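need a structure here:
(2 chains)
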Amino acid sequence: MMRLHYLELIFFATYAELRAERSRSYLGLIWWILEPAMNMAVFYLVFGVIMRIPQPDYVPFLLVGLTLWQWFKSCVSHSGHAIWNQLGLIRQVKISPQVFPAVQVLADTIKFIFILFLLMIILWCSGYKPNITYFALIPVLIIEFVFATGAGYIFAAVLPLAPDLRFIIEQVLTVLMWLSGVVVAFDNMPEAMRFWLALNPVAQLVMAGRGILIYGQWPDWIALGRVGLVSLALFALGSFMISRLTPRYVKLPA
Amino acid sequence: MSDALITLENVGVAFNAQLRMGSPKFWALEDVSFTLRRGQRLGVVGRNGAGKSTLLRTLAGIITPDRGRITRSRVSCQLLSLSLGFMQHLSGRDNAILSGLMLGLRRREIISRLPKILEFSELGDFFNQPISSYSTGMLMRLGFSVAMQVEPDVLLIDEVLAVGDSEFQEKSSAALRERIHGGTTVVFVSHGDAQVKQICDRVLWIEHGRSMMEGAADDVLRAYHATPSAVAAQ
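Predicted coordinates:
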């Protein structure tokens, strides 16, 4: 009963969030596509055209990496701010604060699905055909979803008590992007570093996604399973932190 | 007693004064004890900073006490809050659904009440327009109409009895009065004696976070006014 009610609230608030976002600008929905496309264009200009990274399939490599990365990044940074942004409401009504980061993650995921389809169409048109390994996208995306939610929950849990963290989140995410092989492949990095870099869950997910969409390769299931476990642990930790800290959120000075 | 809905025993609530590590605590509620019974209309009086709003939020279950005990039977408590969770770029209709869900209503409950909300708020065609195009009065009317759709066992009211322009003020306070006298248990915080006398049969007086006296409205109000706050503080 209680759970169902929260699901209804989360789904409707997600719809509301997307709808409000659409009406906040002239171009509305078009920005869902245009903003990431512009972002990708910037990276392509710098690394593909100006620096001419000597790597076969660099454009699809970059597009897949950035698509998966931007989804993760927007989930974490939006959900990370979600509880802090809704403190006024949390002070006034008895509600589980977990609702707010969940809404942000869902909204970003819906936008991501549009972009993913667009990416696939671009790949198909460039000769990277759909293949049987596409089925492996399902677990890869689910794990990335859980990982992003867990990371977002942890930020969301701490931010109300330490709002200064919001100046750090974006920087941490930027560093993580460079350490995840999103723009520059690990092959171009020193050997000694590669082992450590491969431990990064985001890097594993990005690699798995590229393998599937570009090369038709099945992911490394053991590595993926490990990332899945880490993601679940992160998610559990995040929700635990939020529920433990809720009594403190309601008492924060207005 | 079986009709006791919420019992507070020596309840205290502490806040941090600032969002800094090691900032000093202050006790907004020091020591409050009383029992709220079914059907009671309890007024809460006390000077500014006595802890009245904190008490309401504790009763609503939003704040957990830091000391003392609070026992509640299985009842729903609702702090009457207007325009909860409203979003600027959404229509009045969508905001009504969103706010209703935040207040704890199920989706189908709130949807079945949309016609009532539309009628009571007198918004007409504006109901489907984004609330960013509303006047303050219209926003108040929508907020009040949505808030009134929740029917808790215990209604907690912090000062707001009447909202909007003078015409709607009469309508809203009449609706609320009807609810109050329709048998709902009510806790009402106010500075205005007249309203407390009009609405409440019992009164709780708190001073500096302590419950001083609870009893029949007239008795408690008389004692409250007879005591200067400096004396009460001791």
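
Name the helix or strand of chain A that has the lowest mean pLDDT.
Least confident helix or strand, chain A: helix A:191-197 with a mean of 77, by mean pLDDT, DSSP states H and E.

got the CA positions of that helix in CSV?
Taking Å, rounded to 0.1, in the frame of the first residue of the first chain, the C-alpha atoms of helix A:191-197 are listed here in CSV:
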residue,chain,number,x,y,z
GLU,A,191,50.6,0.3,-18.9
ALA,A,192,51.1,0.7,-15.1
MET,A,193,47.9,2.8,-14.9
ARG,A,194,45.7,0.5,-16.9
PHE,A,195,45.2,-2.1,-14.2
TRP,A,196,43.9,0.5,-11.8
LEU,A,197,41.8,2.3,-14.3
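
List of residues touching the following helix or strand past that helix?
Note on helix A:191-197: by DSSP states H and E, the next helix or strand toward the C-terminus is helix A:201-210. Identification of contacts with helix A:201-210 by Cβ atoms under 8 Å, 6 or more residues apart in numbering or on different chains yields A:60-61, A:64-65, A:68-69, A:72, A:136-137, A:140, A:143-144, A:147, A:176, A:179-182, A:186, A:197-198, A:219-220, A:223-224, A:226-227, A:230-231. Bear in mind the C-beta positions are built from the backbone N, C-alpha and C, glycine included.

just to revisit the earlier point, give the buried residues for the least confident helix or strand of chain A.
For helix A:191-197, the neighbour count (16 or more other Cβ atoms under 10 Å in any protein chain shown) marks no residue as buried.

returning to what we had before: weed out the non-buried ones from the contacts of helix A:201-210.
A:60-61, A:64-65, A:68-69, A:72, A:136-137, A:140, A:143-144, A:147, A:176, A:179-182, A:186, A:219, A:223-224, A:227, A:230-231.

From the centroid of the chain, which residue is nearest?
Using chain A. A:Phe72 (1.1 Å; Cα atoms, centre = their mean).

ah, I was thinking of chain B
B:Ile157 (2.4 Å).

So whichever strand or helix holds that one, near chain A or not?
Under the criterion of DSSP H and E, B:Ile157 resides in strand B:154-158. No: applying Cβ under 8 Å from any Cβ of the partner chain, one finds strand B:154-158 separated from chain A by no less than 9.7 Å.

mean confidence for that strand?
For strand B:154-158, the per-residue pLDDT values average out at 91.

Which neighbouring elements make contact with it?
Applying 3 or more Cβ pairs under 8 Å, 6 or more residues apart in numbering or on different chains; DSSP states H and E, one finds that strand B:154-158 contacts helix B:52-59, strand B:77-79, helix B:166-181, strand B:185-189.

so what strands line up beside that strand?
Strand B:154-158 has its sheet partners listed here by DSSP bridges as strand B:77-79 (parallel), strand B:185-189 (parallel).

and the angle from it to helix B:52-59?
Put simply, strand B:154-158 runs at 160 degrees to helix B:52-59, going by axes from the mean of the first three to the mean of the last three Cα atoms, to 10 degrees.

Now strand B:154-158 - C-alpha only, CSV.
Backbone C-alpha positions of strand B:154-158 (Å, rounded to 0.1, in the frame of the first residue of the first chain) are rendered in CSV as follows:
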residue,chain,number,x,y,z
VAL,B,154,-5.9,14.5,13.1
LEU,B,155,-5.7,17.9,11.4
LEU,B,156,-2.9,20.2,12.4
ILE,B,157,-3.3,23.8,11.7
ASP,B,158,-0.6,26.5,12.0
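
Could you measure from A:Leu63 over to A:Leu18?
From A:Leu63 across to A:Leu18, the span is 24 Å (Cβ to Cβ, to the nearest Å).

quick one, which of the two is more surrounded?
Shown here are A:Leu63 and A:Leu18; by other Cβ atoms under 10 Å in any protein chain shown, A:Leu63 has more neighbours (23 against 17).

Work out for me the element the more buried one sits within.
Going by DSSP H and E, A:Leu63 is in helix A:58-85.

The helix or strand that that helix is followed by near chain B anywhere?
Following helix A:58-85 in sequence order, the next helix or strand is helix A:87-92 (DSSP H and E). Yes: Helix A:87-92 comes into contact with chain B (Cβ under 8 Å from any Cβ), by way of A:Leu89, A:Arg91, A:Gln92.

The last one: neighbouring residues, count only.
When you say that, I think you mean A:Gln92. Neighbours of A:Gln92 using other Cβ under 10 Å come to 21.

Could you dump the helices and strands packed on strand B:154-158 into CSV with distance to B:Leu123, mean pLDDT and mean neighbour count added?
Listed next are the helices and strands packed on strand B:154-158 as CSV, based on distance: least, Cβ to Cβ, whole Å; pLDDT from 0 to 100; neighbours: other Cβ atoms under 10 Å in any protein chain shown:
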stretch, distance to B:Leu123, mean pLDDT, mean neighbour count
helix B:52-59, 29, 92, 23
strand B:77-79, 23, 89, 22
helix B:166-181, 11, 85, 15
strand B:185-189, 27, 92, 24
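
just to revisit the earlier point, who's in contact with the residue nearest to the centre of chain B?
B:Leu80, B:Leu176, B:Val186, B:Val187, B:Phe188, B:Val189.

pLDDT for the residues of helix A:87-92 next to chain B - can I get that in TSV?
Below are the residues of helix A:87-92 next to chain B laid out as TSV (pLDDT from 0 to 100):
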residue	pLDDT
A:Leu89	93
A:Arg91	90
A:Gln92	90
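
B:Met16 contacts B:Trp27, correct?
I think there's a mix-up here, since residue B:16 is Asn and not Met. No: judged on Cβ atoms under 8 Å, B:Asn16 makes no contact with B:Trp27 at a distance of 11.4 Å.

picking up where we left off before, would you mind listing the outside residues contacting the least confident helix or strand of chain A?
A:Leu179, A:Ser180, A:Gly181, A:Phe186, A:Met189, A:Ala203.

returning to what we had before: in TSV: the contacts of B:Ile157, plus distance to B:Arg108.
Listed next are the contacts of B:Ile157 as TSV, based on distance: Cβ to Cβ, whole Å:
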residue	distance to B:Arg108
B:Leu80	23
B:Leu176	25
B:Val186	27
B:Val187	29
B:Phe188	31
B:Val189	33
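
So which of these is the closest to B:Gln149?
Proximity to B:Gln149 was ranked across the contacts of B:Ile157 by Cβ to Cβ; first place goes to B:Leu80, at 11.5 Å.

next one: phi and psi at the closest one?
Note on B:Leu80: backbone dihedrals following degrees, to the nearest 10 are phi -70, psi 110.

Now do the contacts for it.
Here B:Leu80 is in contact with B:Ala147, B:Leu155, B:Leu156, B:Ile157, B:Asp158, B:Val160 (Cβ under 8 Å, 6+ apart).

So which of the residues you listed wins on neighbours?
B:Leu156 leads the contacts of B:Leu80 on contacts (other Cβ under 10 Å) with 24 neighbours.

and it, bridged to which residues?
Per DSSP bridges, the residues bridged to B:Leu156 are B:Leu79, B:Val187.

So it is in contact with B:Leu79, correct?
Yes: the criterion here is Cβ under 8 Å, and B:Leu156 meets it with B:Leu79 at 4.6 Å.

Quickly find the element holding the closest residue to A:Val103 other than its chain neighbours.
Sequence neighbours aside, A:Ala13 is the residue nearest to A:Val103 in space, at 4.5 Å (criterion: Cβ to Cβ, 6 or more residues apart in numbering or on different chains). A:Ala13 is part of helix A:2-23, with elements assigned from DSSP H and E.

Specify the angle between the next helix or strand after that helix and helix A:2-23 in degrees.
Using DSSP H and E, the helix or strand that follows helix A:2-23 towards the C-terminus is helix A:30-43. For helix A:30-43 against helix A:2-23, the angle by the same axes, to 10 degrees is 70 degrees.
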